[in-house]
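> Sequence isn't available, so here's the structure alone:
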């Protein structure tokens, strides 16, 4: 069984702070099943947007894991905001979390899959 989006986001925020990083929920979505998007901000100002990975990325042995794929990156915050706005028009129940953590911790917090 998959944990709720609200619980997963709460754990993400707590783990980020616990490791000395920063995390903020910028948009609250549906508590039970809203899609989660993560914006990772580096200390140099680079942004990376991660969203739910395609269903084909999931392992049949562990179908309840949350997996993410990188959707956009760069220093243009407006381009990232525009992408999030497009996603919100498609799914108004989405969650948006911004994190500022080191690269190693980001890999632990946001399990990535390449499309």
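Arrived safely. On a predicted model such as this, the values are computed, not experimentally measured, just so you know.
> switch to C-alpha atoms for all contacts and neighbour counts from now on
Noted.
> starting at the chain centroid, how far to stretch 28-41?
Once both centres are worked out by C-alpha atoms, centre = their mean, to the nearest Å, stretch 28-41 turns out to sit 6 Å from its chain's centre.
> Now do the end-to-end distance for it.
When the termini of stretch 28-41 are compared using C-alpha to C-alpha, to the nearest Å, they are 19 Å apart.
> average pLDDT for that stretch?
Taken as a whole, stretch 28-41 has an average pLDDT of 91.
> Which helix or strand contains residue 25?
Per DSSP states H and E, residue 25 falls inside strand 22-27.
> do you know how far the nearest residue to residue 75 once chain neighbours are set aside is from residue 103?
Nearest non-adjacent residue to residue 75, counting by C-alpha to C-alpha, 6 or more residues apart in numbering: residue 46, 4.7 Å away. Computed with C-alpha to C-alpha, the distance linking residue 46 and residue 103 is 12 Å.
> what about residue 108, neighbour count?
The number of residues packed around residue 108, counting by other C-alpha atoms under 10 Å, is 12.
> would you say it is within a strand?
No - counting by DSSP: H, G, I helix; E, B strand; the rest coil, residue 108 is not found in a strand; it is helix.
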